[in-house]
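Participant: Show me how the following folds:
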Amino acid sequence: MKKAICLYSFHRRYQAEGWDLERYGDEVVALGIEGADFLGRMMEPIDTAVERIEAVLKRTGLILSSLSLSSNFNQPKKEDWQAQVTGLGAWLDVAAAVKAPVCRIFGGHLPSAEKADPALRAAAWQRMLDGVAAITKEAAKRGLVLAIENHGGLPCTGQEQVEVIQAVNSPFLRATIDVGNYMGGGQEGIEGTRIAAPYCAYVHLKDNVKVPDAATPWGWKVQACTVGEGVVDLPGCMEVLRKAGYDGFVGLEYEGSEDEITGVPKSVECMKRVVR
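Facilitator: I've put the predicted structure just below:
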């Protein structure tokens, strides 16, 4: 497996220190990592994204591991749902131009009210499924592979990722396995990874600690931390992926509260130990 650092790992410094993509590329190189994962919503304006991405890759020698794209197809209003499909389609044009090997997408956000009501949840799930199917057709036209992440609740668990992928039934839709996000649905990272591994096209590496919370069915909520300092079985997850034959990129997605100046390098050192 190969290593990358997601642009989002620097999102606080990127904003506070006025970074551009060139600065991001320099940081990734300085940390001894070979891959760059660019995040669409941090790269506006879209009309210059292709040339900026290509310039960074050419100057630094970094490999494009993924173009990460954000989306939320749980939109009750048809026009809002269509705007998600149209907006994501524009970013797929960027992905095709830079020859992205995979594009991370989200299915949608599931609010608490919809989570608690079976009928509302079913409607939200269908909106998400219709959106993912529609954008997968657009990706297929461009020869792009999408990888839906376990994020936002639609989907969240490994079983839910597999359900979406099997329902859409396209070779252009696979999974982004975020080893930390499964905990948001009460599932241990290694279990979600094991279930989704046969469909894996990309991996996000992060870590969490558990905070007691009686309001959840499983008795805890998650708090992001420096990678290697939490409870996600990172070596176990990587071993599951190896056994499943995955040899692509693992992208660090740092979300911990520790300052990115120290938290990202610590997390990178952990990634180097578990990804080999």
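Participant: Please make it C-alpha for all contacts and neighbour counts, starting now.
Facilitator: Noted.
Participant: How far does the helix or strand bottoming out on mean pLDDT in the chain sit from its chain's centre?
Facilitator: One helix or strand of the chain scores below all others by mean pLDDT, DSSP states H and E: helix 112-116, with a mean of 94. Chain-centre distance of helix 112-116: 23 Å, with C-alpha atoms, centre = their mean, to the nearest Å.
Participant: what comes into contact with the helix or strand following that helix?
Facilitator: Later in the chain than helix 112-116, the nearest helix or strand by DSSP states H and E is helix 118-142. Under the contact criterion C-alpha atoms under 8 Å, 6 or more residues apart in numbering, helix 118-142 has outside partners 72-76, 81, 85, 88-89, 92-93, 96, 107-108, 110, 113-115, 145-146, 154, 164, 168, 170, 172-173.
Participant: Which of the residues you listed fall in helices?
Facilitator: 81, 85, 88-89, 92-93, 96, 113-115, 164, 168 (DSSP state H).
Participant: buried subset of those?
Facilitator: 81, 85, 88-89, 92-93, 96, 114, 164, 168 (16 or more other C-alpha atoms under 10 Å).
Participant: Out of those residues, name the two that are farthest from one another.
Facilitator: Greatest spacing in these, by C-alpha to C-alpha: A96 and E114 (35.1 Å).
Participant: what's the neighbour count on G87?
Facilitator: Using other C-alpha atoms under 10 Å, G87 has 12 neighbouring residues.
Participant: returning to what we had before: which strands or helices does the least confident helix or strand of the chain pack on?
Facilitator: helix 118-142 (3 or more C-alpha pairs under 8 Å, 6 or more residues apart in numbering; DSSP states H and E).
Participant: quick one, what contacts the closest residue to M183 other than its chain neighbours?
Facilitator: Nearest non-adjacent residue to M183, counting by C-alpha to C-alpha, 6 or more residues apart in numbering: G189, 6.4 Å away. Neighbour list for G189: 179-183, 232-233, 237 [criterion: C-alpha under 8 Å, 6+ apart].
Participant: Then Q223?
Facilitator: Q223 touches 208-211, 256, counting by C-alpha under 8 Å, 6+ apart.
Participant: Please identify which helix or strand holds it.
Facilitator: Here Q223 is assigned to strand 220-225, by DSSP H and E.
Participant: Against L57, how distant is S71?
Facilitator: 25 Å (C-alpha to C-alpha, to the nearest Å).
Participant: How is I5 assigned, secondary-structure-wise?
Facilitator: State at I5, reduced to three classes by DSSP: H, G, I helix; E, B strand; the rest coil: strand.
Participant: Pull up the per-residue confidence for the spatially closest residue to I177 that is not a sequence neighbour.
Facilitator: Spatial nearest neighbour of I177, chain neighbours left out: V203 (4.7 Å); criterion: C-alpha to C-alpha, 6+ apart. pLDDT recorded at V203 is 98.
Participant: what does R276 give?
Facilitator: Confidence score, pLDDT, at R276: 83.
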